[in-house]
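>>> model the following, please.
(one chain, ligands or ions: 1)
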Amino acid sequence: MTNGPGGLDETANTLWHGRFAGGPSEALQALNDSLGFDRRMYQEDIAGSRAHVRGLARVGLLTDDEAANVIDALDRVEAEITDGSFVFVASDEDIHTAVERRVTEISGPAGAKLHTGRSRNDQVATDVRLWTLGAIDEISGLIHRLATTLLHRAEAAEQHYLPGYTHLQQAQPVLVAHHLLAHGWALLRDADRLADARVRVDVSPLGAGALAGSSLPLDPDGVAEDLGFSARFENSLDAVSDRDFVAETLFDLTLLGVHLSRIGEEFVLWSTAEFGFVTLDDGFSTGSSMLPQKKNPDVAELARGKAGRLLGNLTGLLATMKNLPLAYNKDLQEDKEPLFDAVDTMRLTLLALDGMIDTVTFNFDAMAASADSPYAAAIDLAEYLVARGMPFRDSHAVVGGLVRDALAGEGSLEDLVANHDELGPDAAALLRPGVPVRNRTTPGSAGPAPVADQLERFRSALAHRQG
Ligand code: ARG
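Just a heads-up that it's a prediction; the model follows:
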């Protein structure tokens with residue numbers, strides 16, 4: 001037997017040994033093997049094989065006995081991998097190879113028929129699609145959980161308010177509930193995007209073969225139905241060569257990650273001594289190895305930081321896909337690690353962020369103290385004048401002038417307003433603590449009445465998306 005340089009003596013065991021005189025080199029194997037990461041798809045791979053075998057039996061390519069035999073072997077392989085007794089060998093290049101090898105060992109000649117009419121190209125596309133469907137469902141559940149936690153914290157925040165910001169400069173007070181639900185609505189859109197992507201993931205590629213289908217009387221529709229897919233592929237070349245469904249899922253996860261990074265950033269800021277708006281629970285904070293007084297918001301920081309990694313996974317996969325000619329190319333093996341990493345990252349991030357938000361203490365007094373600056377009500381003074389017939393541009397200038405005078409030390413804004421001809425004591429009352437936020441009354445806005453309505457809408461939006 002001739003092996004390549006540094007080759008392993010496994011020639012007889014490769015899936016393509018008939019065509020090859022020599023075995024694979026060690027360097028090729030090290031680069032080429034995907035078992036290290038694709039073995040986590042073993043259940044999907046075995047489910048696909050069961051459906052394929054049943055399909056072969058339906059069209060008479062396997063007898064019922066042979067099919068039963070191979071399915072028993074598949075069951076045994078699944079049990080062995082699950083309980084850890086499965087022994088992988090050097091020629092197990094990927095999970096598909098390993099499962100087929102072991103099935104053939106167990107069931108002999110019947111097992112050697114398992115791969116009839118099938119290629120690893122349609123097989124791997126099927127596995128990745130099945131895996132992605134499960135991942136979307138899991139992540140959607142975790143998004144729902146975080147959105148529910150935001151809702152509960154919003155309900156419990158009652159009429160408390162904090163400064164709203166633009167340019168990270170205090171702008172207008174908003175209810176804490178309003179702020180939390182802003183993130184909640186973004187999460188619901190993330191879940192909707194994943195649900196929409198799911199429709200395009202939910203298509204079976206099995207039966208596409210290596211690239212062009214088969215001369216055998218396969219039944220791709222029946223196999224698709226057996227696997228629970230909503231449809232089968234329309235074009236065999238497309239079925240085995242596109243990973244747009246992975247890219248789309250990665251985009252949705254990345255945008256979700258971007259949303260979580262914004263939440264993370266706010267909690268980082270809010271937990272500083274300078275803001276003091278929140279106190280993180282000890283279970284969701286870390287200490288410093290050197291500075292005894294430190295309490296660090298690592299969960300929030302990682303929620304912020306993980307977005308970069310997700311974005312890298314997305315752009316990496318898109319770069320891999322770019323310019324690939326039809327149909328399958330080995331480059332496509334690079335689809336799995338970014339996908340798995342993105343889903344693993346999201347699972348950890350969503351769970352930790354959920355726990356952090358569930359247990360955080362909101363320091364409502366500090367929030368109010370910060371939001372109660374009379375300057376935050378400047379727009380209400382301008383609108384007071386508008387309600388009395390003054391064009392907005394003029395009222396903006398009048399109030400801007402008073403703010404400038406107050407800042408220049410000519411008196412408090414309250415006094416300047418109270419003594420102003422066109423404003424007076426009624427207008428000065430608008431500056432009192434808690435008043436500005438109560439005056440936000442328009443639909444979808446930051447005050448108590450619209451937020452009560454919004455909470456109701458959010459509850460029903462969540463319920464509609466329940467499982
Ligand atoms: N491990 C391969 C992948 O992940 C499976 C498909 C291999 N196909 C092939 N023609 N070599 O893409």
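>>> neighbours of His167, how many?
6 (other C-beta atoms under 10 Å). From N, CA and C alone the C-beta is placed, and that goes for glycine too.
>>> do you know the pLDDT at it?
In this model, His167 is scored at 98, pLDDT.
>>> how about Ala98?
98.
>>> how about the contacts made by it?
Leu35, Arg39, Phe86, Phe88, Val89, Asp92 (C-beta atoms under 8 Å, 6 or more residues apart in numbering).
>>> what is the nearest of these to the ligand?
Using C-beta to the nearest ligand atom, Leu35 comes nearest to the ligand of the contacts of Ala98, at 8.3 Å.
>>> go ahead and confirm that closest one touches Ala90.
No. Using C-beta atoms under 8 Å, Leu35 is not in contact with Ala90; the gap is 10.0 Å.
>>> looking at the contacts of Ala98, spot the one nearest Gly424.
Arg39 (76.3 Å; C-beta to C-beta).
>>> narrow the contacts of Ala98 to those in helices?
Leu35 (DSSP state H).
>>> low-confidence ranges, the stretch 201-350 of the chain, go.
Within the stretch 201-350 of the chain, not a single segment meets pLDDT under 70.
>>> neighbours of the residue of it at minimum distance from the ligand, just the number please.
Of the residues in the stretch 201-350 of the chain, the one nearest the ligand is Gln333, at a distance of 3.7 Å by C-beta to the nearest ligand atom. Other residues within reach of Gln333 by the criterion other C-beta under 10 Å amount to 17.
>>> residues contacting it?
By C-beta under 8 Å, 6+ apart, the neighbours of Gln333 are Ser34, Val124.
>>> what about it, distance to Val53?
25 Å (C-beta to C-beta, to the nearest Å).
>>> go through the longest helix along the chain and flag the buried ones.
Taking DSSP H as the criterion, the chain has its longest helix at helix 120-156. Buried residues in helix 120-156, counted by 16 or more other C-beta atoms under 10 Å: 120-133, 135-136, 139-140, 142-144, 146-151, 153-154.
>>> could you pick out which of those are near the ligand?
Taking C-beta under 6 Å from any ligand atom as the test, the ligand is in contact with Arg120, Asn121, Val124 out of the buried residues of helix 120-156.
>>> the closest residue to Asp94 other than its chain neighbours and the ligand, how far apart?
Leaving out its chain neighbours, the residue that sits closest to Asp94 by C-beta to C-beta, 6 or more residues apart in numbering is Ser34, at 4.5 Å. Using C-beta to the nearest ligand atom, to the nearest Å, Ser34 is found at 4 Å from the ligand.
>>> report how many residues lie close to Ser34.
The burial count for Ser34: 19, using other C-beta under 10 Å.
>>> repeat that for the one 5 residues further on.
Other residues near Arg39 number 17, with proximity taken as other C-beta under 10 Å.
>>> pLDDT score assigned to the nearest residue in space to it that is not next to it in sequence?
Distances taken as C-beta to C-beta, 6+ apart put Ile95 closest to Arg39, at 4.9 Å, once the chain neighbours are dropped. We have a pLDDT of 98 for Ile95.
>>> what's the neighbour count on Ile95?
Quick note: Ile95 (other C-beta under 10 Å) scores 26 neighbours.
>>> ok, now how distant is it from Gly36?
Distance from Ile95 to Gly36, by C-beta to C-beta: 10 Å.
>>> likewise for Gly257?
25 Å.
>>> what's the helix or strand for the residue of the stretch 351-467 of the chain found nearest the ligand?
As assessed by C-beta to the nearest ligand atom, the ligand sits closest to Leu351 within the stretch 351-467 of the chain, at 28.5 Å. Element membership of Leu351, judged by DSSP states H and E, is helix 336-359.
>>> could you check the angle helix 120-156 makes with that helix?
10 degrees (axes from the mean of the first three to the mean of the last three C-alpha atoms, to 10 degrees).
>>> next helix or strand past helix 336-359?
strand 361-362.
>>> who are the packing partners of that next one?
Packing contacts for strand 361-362, counted by 3 or more C-beta pairs under 8 Å, 6 or more residues apart in numbering; DSSP states H and E, involve strand 278-279.
>>> beyond the strand it packs on, next helix or strand please.
Counting by DSSP H and E, the element after strand 278-279 in chain order, helix or strand, is helix 298-321.
>>> with just CA atoms, put that following helix into PDB.
Taking C-alpha atoms only, helix 298-321 is exported to PDB below (Å, rounded to 0.1, in the frame of the first residue of the first chain):
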ATOM      1  CA  ASP A 298     -18.500  42.100  33.000                       C
ATOM      2  CA  VAL A 299     -21.800  40.700  31.700                       C
ATOM      3  CA  ALA A 300     -22.800  44.100  30.200                       C
ATOM      4  CA  GLU A 301     -19.300  44.500  28.800                       C
ATOM      5  CA  LEU A 302     -19.300  41.100  27.200                       C
ATOM      6  CA  ALA A 303     -22.800  41.700  25.800                       C
ATOM      7  CA  ARG A 304     -21.200  44.800  24.200                       C
ATOM      8  CA  GLY A 305     -18.100  43.000  23.100                       C
ATOM      9  CA  LYS A 306     -19.600  39.800  21.600                       C
ATOM     10  CA  ALA A 307     -21.200  41.800  18.900                       C
ATOM     11  CA  GLY A 308     -17.800  42.200  17.300                       C
ATOM     12  CA  ARG A 309     -17.300  38.500  17.200                       C
ATOM     13  CA  LEU A 310     -20.700  37.900  15.600                       C
ATOM     14  CA  LEU A 311     -20.000  40.500  13.000                       C
ATOM     15  CA  GLY A 312     -16.800  38.700  12.200                       C
ATOM     16  CA  ASN A 313     -18.600  35.400  11.800                       C
ATOM     17  CA  LEU A 314     -21.000  37.000   9.400                       C
ATOM     18  CA  THR A 315     -18.500  38.900   7.300                       C
ATOM     19  CA  GLY A 316     -16.200  35.800   7.300                       C
ATOM     20  CA  LEU A 317     -18.900  33.600   5.900                       C
ATOM     21  CA  LEU A 318     -19.900  36.200   3.200                       C
ATOM     22  CA  ALA A 319     -16.300  36.400   2.200                       C
ATOM     23  CA  THR A 320     -16.100  32.600   1.900                       C
ATOM     24  CA  MET A 321     -19.200  32.500  -0.300                       C
END
